[in-house]
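J.: Compute the structure for the input listed below.
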Amino acid sequence: MERMPSRRIKSSDAEIAYWALGAGTPVVLLHPFPAHHEFWLPVAEALSTRYRVILPDLRGHGESAVGEGPATMEKHAADIARVMDDANVGRAPLVGVSIGGYVLFEFWRKHRGRVAALALCNTKAPADGPEARAGRLQAANDVLERGTEPFFESMIPKLIGKTTRETRPDLVEGALRMMRKMSPENVAQVQRGMAARPDSIETLKTINVPTLLVTGDEDLMTGVNEAELMRSHIANSQLRVIPKAGHYSPWEQPQDAANLLRQFLDSL
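T.: As a prediction, the model looks like this:
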């Protein structure tokens with residue numbers, strides 16, 4: 001599926017890889033954990049007829065290095081600013097799924113002048129509670145001891161909706177293939193970074209750019225409830241639910257995701 005040459009840049013202590021597709025107004029797409037930029041390719045191809053789509057691998061994912069210590073939201077946000085600089089993108093709509101959304105909350109806090117619009121997909125604003133945080137830190141230790149495969153296998157039913165698991169084994173296999181690019185160290189430091197992320201509920205109230213909220217009707221991790229919470233705090237935001245899709249909704253239903261994003265971007 002890979003046809004595009006990557007660009008590699010230095011961002012503080014890590015080399016970050018990104019890809020660009022198409023020409024026109026830029027848009028930046030951030031993938032979920034533990035995938036990488038290929039997550040977005042089917043959607044990016046549909047958008048690239050009108051937009052220049054920028055596809056970074058987040059720090060610790062795909063071909064991007066993890067750097068020293070936990071991959072915090074601050075580090076990820078700084079990496080995205082560097083990618084935009086390198087791609088000559090001043091201000092653009094940014095789209096993020098799951099951890100991509102967490103990164104966008106931080107990016108908004110630090111670089112809101114560079115945000116033309118936001119699409120927050122399959123993500124949530126609250127920080128981890130004590131139990132979720134402990135779970136992430138335990139998972140970080142487990143992958144370092146036992147390797148990543150048991151962790152990735154255990155994540156599939158949480159990340160991929162029931163319909164997709166039952167009808168599209170190829171998409172399940174593709175998700176695992178993306179995950180397997182991550183080393184135990186990568187998984188551990190990304191999990192530690194997510195465990196340390198700040199609460200973003202108050203941040204929601206400051207968002208004053210066009211905002212699209214997307215989730216899947218089978219998303220067990222950040223479903224309609226979390227999307228509704230964001231909608232209630234972000235003025236003039238709109239919420240769309242992709243049917244027969246889980247936490248990886250743009251990967252599971254790329255046509256629906258592309259249509260929603262295309263409509264949203266065209267309206268800006």
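
J.: Poorly predicted segments of the protein, please.
T.: 1-3 (pLDDT under 70).

J.: Quick check, central residue of it?
T.: Gly100 (2.7 Å; Cα atoms, centre = their mean).

J.: got a list of what that one touches?
T.: Listed by Cβ atoms under 8 Å, 6 or more residues apart in numbering, the contact set of Gly100 reads Leu29, Leu30, His31, Pro32, Leu58, Cys121, Thr123. To be clear about C-beta, it is placed using only N, CA and C from the backbone, and glycine gets the same treatment.

J.: Which helix in this protein has the most residues?
T.: helix 130-146 (DSSP state H).

J.: other SSEs contacting that helix?
T.: Other helices and strands packing on helix 130-146, by 3 or more Cβ pairs under 8 Å, 6 or more residues apart in numbering; DSSP states H and E, are helix 149-159, helix 184-195.

J.: Which one of those helices lies nearest to Met178?
T.: helix 149-159 (9.6 Å; Cβ to Cβ).

J.: Distance from that closest one to the middle of the chain?
T.: 17 Å (Cα atoms, centre = their mean, to the nearest Å).

J.: For the longest helix of the chain, which outside residues touch it?
T.: Asp128, Pro150, Phe151, Pro184, Glu185, Val187, Ala188, Gln189, Gln191, Arg192, Met194, Ala195.

J.: What are the buried residues along it?
T.: Buried residues in helix 130-146, counted by 16 or more other Cβ atoms under 10 Å: Arg133, Arg136, Leu137, Ala139, Ala140, Asp142, Val143.

J.: Can you tell me which of those is closest to Ala81?
T.: Arg136 (25.2 Å).

J.: State the distance from that closest one to Phe33.
T.: Going from Arg136 to Phe33 by Cβ to Cβ, to the nearest Å gives 10 Å.

J.: Give me the common contacts of the two.
T.: Met194.

J.: Which one of the helices and strands packed on helix 130-146 lies nearest to Ala44?
T.: Closest among those, using Cβ to Cβ: helix 149-159, at 19.6 Å.

J.: elements contacting the closest one?
T.: helix 130-146, helix 169-179.

J.: Can you name the residues in contact with that helix?
T.: Helix 149-159 is contacted from outside by 32, 34, 139, 142-143, 165, 172, 175-176, 179-180, 187, 220-221, 246-248, using Cβ under 8 Å, 6+ apart.

J.: Ramachandran coordinates for Asp85?
T.: phi -60, psi -50 (degrees, to the nearest 10).

J.: how many other residues sit next to it?
T.: Per other Cβ atoms under 10 Å, the neighbour tally for Asp85 reads 13.

J.: Excluding sequence neighbours, find me the nearest residue to Gly60.
T.: Val66 (3.6 Å; Cβ to Cβ, 6 or more residues apart in numbering).

J.: Settle this for me: the one you found is touching Val190, isn't it.
T.: Yes: with contact defined as Cβ atoms under 8 Å, Val66 and Val190 form a contacting pair (7.0 Å).

J.: got any residues that touch both of those two?
T.: Contacts common to Val66 and Val190, judged by Cβ under 8 Å, 6+ apart, are Arg59, Gly60.
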